[in-house]
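> after the sequence you'll find the predicted model.
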Amino acid sequence: MSNFQRTLKRSVSFSGVGVHSGSVISVEIRPASANTGFIFQRTDLPNKPYIKADIDSVFDTTLATRIGSPAVSVSTIEHLMAAFFGFGIDNAIVAINNSEMPILDGSSAPFLTLFDEVGVEVLKEPRKVVVIDKVIEVVDEKNPTRFMRIEPSKKPLITYVIDFERAAAIGRQNISMHYTAKSFCEEFSFARTFCLKEDIELMYSKGLAKGGSMENAILVSKTEGVMNRQGLRHEQEFVKHKTLDCIGDLHMLGMPILGHIIAHKAGHDLHNKLARAILAEVSCRSIIVPSAKEEARFKAILSFPKSLSEIDRNLIGLAVG
Ligand SMILES: [Zn+2]
């Protein structure tokens, strides 16, 4: 373990379809200096405006996480943010010529592969971490069965429960895992986004999902179950994808978290609400720069893969093969 911030060694470019616009979108992810955090740049707009991706920049959480303002925004950033978490990336500039990130295969795995091609640069500034000292809870007031909580824990953990009464093929799934970079890369990064077939007509009527296909999402029919010919990548792929979303949304805090996250029927709205509460509830958490003496205590949240060769290829291979 060495607690220094990281960025990419070189820029990486790629393009892909936006799941809602259907447009082919180009992205360049560039290295950034320490304490920059994550900054998006809309290269298609006059003056190429920047949007800092942090907890306060989130202004819309319907279907995806959207940052900025209605006039200058980028949406569907959560799968990229989750990949930054998995590779231990703290700083990057994301130049994009559209208002949504390409969906790629609907998971975070393609981003990990791109990061692996350019490698990581270790910077000279140390990283802050958040330690949870007392329980912090957020609830959806309209539906109190939807809630999130973070509890003090010596190990970083994440527990996620979903309950899709509308689709038996999804149903109730729960998972509890280590909330670490390696665990994310091996166990969560390949999990794809999903969509109910019965919701697609409604999305089309709103001008959405123009780029959606079974190449970039799991399609579930209430009556026929999973429609993708190849089936699922994992029997818990649905709850794993929700966990991936949560990890991406929480990485906008810009700091690893030592605590146990518990999410019950949550979504982007509650992920962001919890992140805001973690920042706001100053008596329930500490933000510190761990000293060398504290290495053992923080090892789990401050260990990151140097390359995908450290990751179980059989698991990652599910996504890229
Ligand atoms: Zn997602």
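Sure, I can see it.
> dump the residue contacts of residue 176.
The contact partners of residue 176, by Cβ atoms under 8 Å, 6 or more residues apart in numbering, come to 157-160. Using the backbone N, CA and C atoms, a C-beta is placed for each residue, glycine as well.
> what's the nearest residue in the stretch 51-200 of the chain when you look at the ion?
residue 193 (4.3 Å; Cβ to the ion).
> quick check: the gap between the closest residue to that residue other than its chain neighbours and residue 152.
Excluding the flanking residues, the one nearest residue 193 by Cβ to Cβ, 6 or more residues apart in numbering is residue 106, at 4.3 Å. Remark: distance between residue 106 and residue 152 (Cβ to Cβ, to the nearest Å) = 34 Å.
> compare the two (neighbour count), which wins?
residue 106 (24 against 15; other Cβ atoms under 10 Å).
> which parts of this structure are helices?
For the chain, the helices defined by DSSP state H occupy 78-87, 109-118, 181-183, 197-205, 237-250, 268-280, 295-298, 313-320.
> before we move on, back to that, tell me the contacts of the residue of the stretch 51-200 of the chain closest to the ion?
Here residue 193 is in contact with 19, 79, 103, 106-107, 216-218, 241 (criterion: Cβ under 8 Å, 6+ apart).
> and those residues as TSV, adding distance to the ion and pLDDT?
Formatted as TSV, the contacts of residue 193 follow (distance: Cβ to the ion, whole Å; pLDDT from 0 to 100):
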residue	distance to the ion	pLDDT
19	10	92
79	6	98
103	9	96
106	7	97
107	8	97
216	11	93
217	9	94
218	11	96
241	6	97
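> between the residues you listed, which is closest to residue 232?
Of all the contacts of residue 193, residue 218 has the smallest distance to residue 232: 6.8 Å, by Cβ to Cβ.
> that closest one bridge partners, please.
Beta bridges link residue 218 to residue 194 when assigned by DSSP bridges.
> I figured it hits residue 231, correct?
No. The criterion here is Cβ atoms under 8 Å, and residue 218 misses it with residue 231 at 9.0 Å.
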